[in-house]
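> have a look; sequence and predicted model below, questions after that.
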Amino acid sequence: MNKVELVEAVQKQLGSETSKAEAERAVTAVINAVKVGVKKDKMVQLVGFGTFKVVERKARKGVNPKTLQQIRIPKSKTVKFVPGKDFKSKV
């Protein structure tokens with residue numbers, strides 16, 4: 001499912017009185033709120049759905065696939081999603 005399909009699903013869930021533009025604004029607002037929450041608090045927990053949290057990757061060695069030369073990959077931060085119990089049971 002991509003964002004367009006998600007907007008259509010949200011519009012269908014909200015009913016016929018909701019326009020596609022309103023559904024898109026709602027989806028965009030939720031996505032932006034998750035981004036801001038993760039950046040500010042390092043974690044966003046949605047009970048029944050899951051948790052988005054910042055995790056740090058350690059520095060490691062890698063290989064450049066073109067030259068096969070070993071390279072050092074610096075430490076970095078990424079976002080990890082851990083599904084909630086209810087969400088896991090539905091998959």
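The structure has been received and is ready for your questions.
> isn't residue 70 up against residue 60?
No - in this structure residue 70 lies outside contact range of residue 60 using CB atoms under 8 Å: 10.8 Å. No exception for glycine: its C-beta is placed from N, CA and C like everyone else's.
> packing partners of the lengthiest helix in the chain?
What stands out as the longest helix in the chain, according to DSSP state H, is helix 20-41. Secondary-structure packing of helix 20-41 (3 or more CB pairs under 8 Å, 6 or more residues apart in numbering; DSSP states H and E): helix 3-14, strand 43-46, strand 50-57.
> run the chain-centre distance for it.
For helix 20-41, the separation from the chain centroid amounts to 11 Å (computed by CA atoms, centre = their mean, to the nearest Å).
> and it, what's buried?
Counting neighbours by 16 or more other CB atoms under 10 Å, one finds that the buried residues in helix 20-41 are 23, 24, 27, 38.
> surely the second one is in contact with residue 7?
Read that as residue 24. Yes - the pair formed by residue 24 and residue 7 meets the contact definition of CB under 8 Å, at 4.7 Å.
> possible to save the helices and strands packed on helix 20-41 as CSV with distance to residue 34, mean neighbour count and mean pLDDT?
As requested, these are arranged in CSV below (distance: least, CB to CB, whole Å; neighbours: other CB atoms under 10 Å; pLDDT from 0 to 100):
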stretch, distance to residue 34, mean neighbour count, mean pLDDT
helix 3-14, 13, 14, 94
strand 43-46, 5, 15, 94
strand 50-57, 6, 14, 95
